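A.B. asks: What follows is a predicted structure for the sequence shown.
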Amino acid sequence: MSTTTDETLLNNVLRFQCEEITGAIVYAKLAKKSKDTHNAAVLADMAEAERHHYAFWKSISGQEVAPSRTRIIFFTLLAQVLGLTFALKLLEKGEKATAADYAHVASIHPGAEKLGEEEEQHESALIDMIDEERLLYVGSIVLGLNDALVELTGTLAGLTFAFQKGALVAISGIITGMAAALSMAASNYLASKAEDDPKAKKAALYTGGAYLITVILLVLPYLIMPQTGFWIYVSLGITLLIAVGIIAGFNFYVAVAKGQDFKPRFLEMAGISLGVAFFSFLVGLLVRAVFGAE
C-alpha cells in the first residue's frame, strides 16, 4: 500500500477482498452442487470473476484475506432451502459497496470505481441467466397462499366470534382449509390444462401445497392454546400475526428473487387479508346474536 493510504482506505479494500473471496467460494460450492449444467456453468463463471476481483483488491492492499466461513455456510444452506436465485440476489445485495467507498479507493487507484460498476452489471446479468424451476411457479404459490390467507383468516375470525370454542374453530378451520386446498389445486389444474400447459400438474401441486401449509400455520394457535374464554381471542390474535408474518416473508422472498418492490405488495396483500378478517368479525358477531350460537 502507498504511504499516503489512510487506515479507512485499507479497511475498505480488505473488506472488498473478504466479500470477493467469500462470494467466489459460495459460487464455486453452488456450482458443484447444481444438477443443472447451465446453472453450474453460470455459477462457475461468477466464481472466476470474483477471484479476479479479489486479485485486483489484493494488488492494492498487498495482503491475503480469509473468507467469511459463516457467510459461506449461511448462503450455501439458504440456496438449498429457499432456492438459488434468492440466495444469490441476497448475497449480491450484501456485497455491494457504497459509491463513496469506491470513490475513496479510486482517488489513488482509478480502476477501482470502474471495477465496481462492471462487477455489479456482470453479476446482475449472470444471475438473470439462472434458470430455476420454483420461480416459474410463483404465480401458483401466490394463488394458493393468497386464497388461504384471505379465506381462512376470515373464516377463523368469524368462527371465533360465533362459537368461542377453540377445538370447534380448529376442526372447522381444518376441514374448510383442506377442502378449499383440494378445490384450488383442482381448479388450477383444470385452468392450466385448458391452456395446454404441460406443467399443469406441478402448478396445481404448488397451489394446493401452499394452501395446505398456510392452513396448518393459521390453525395451529387454536390447537396449542387454552380453548375457552380470553384465550380464544389470544389464539385469533396469534393467527393474525402469523398471517402477517407469512405475507411479509413471502413478499420479501419474491421482492429479492424477482427484483420487485416489497412495500406495495406487502401492504396490498396484508390489507386484503386483514380487511376480510375484520369483516368476518362482524359477521361472526351477527351470526351469534341472530342464531344464538353457543
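C.D. replies: Thanks, I have it. Because the structure is a prediction, the values reported are computed rather than measured.

A.B. asks: Which residue comes closest to Leu223 once chain neighbours are left out?
C.D. replies: Counting by CB to CB, 6 or more residues apart in numbering, Ala170 is the residue found nearest to Leu223 once chain neighbours are left out, at 5.3 Å. Quick note: C-beta positions are derived from backbone N, CA and C, even for glycine.

A.B. asks: What segments of the stretch 151-294 of the chain are helices?
C.D. replies: In the stretch 151-294 of the chain, the segments counted as helices under DSSP state H, counting those that start in this stretch are 166-194, 200-224, 230-257, 262-291.

A.B. asks: Please identify the buried residues of the second one?
C.D. replies: Right, helix 200-224. Within helix 200-224, the residues scored as buried using 16 or more other CB atoms under 10 Å are 200, 202-215, 217-219, 221-223.

A.B. asks: Please report how far Met269 lies from Leu282.
C.D. replies: Distance, Met269 to Leu282, by CB to CB, to the nearest Å: 21 Å.

A.B. asks: Name the residue in those two with the higher neighbour count.
C.D. replies: Between Met269 and Leu282, Met269 has the larger neighbour count (other CB atoms under 10 Å), namely 22 against 12.

A.B. asks: ok, the more buried one - contacts?
C.D. replies: Residues in contact with Met269 (CB atoms under 8 Å, 6 or more residues apart in numbering) are Asn146, Leu149, Ile247, Asn251.

A.B. asks: Name the stretch among the helices of the stretch 151-294 of the chain that sits most buried.
C.D. replies: Most buried of the helices of the stretch 151-294 of the chain by mean neighbour count (mean count of other CB atoms under 10 Å) is helix 200-224; its value is a mean of 20.

A.B. asks: distance of the closest residue to Asp147 other than its chain neighbours from Leu220?
C.D. replies: Excluding the flanking residues, the one nearest Asp147 by CB to CB, 6+ apart is Met184, at 5.7 Å. Remark: distance between Met184 and Leu220 (CB to CB) = 20 Å.

A.B. asks: One more: Ala66?
C.D. replies: Ala66 is 43 Å from Leu220, by CB to CB.

A.B. asks: same question, Leu168
C.D. replies: 16 Å.

A.B. asks: and if you look at Leu236?
C.D. replies: Distance, Leu236 to Leu220, using CB to CB: 12 Å.

A.B. asks: and what of Asn146?
C.D. replies: 19 Å.
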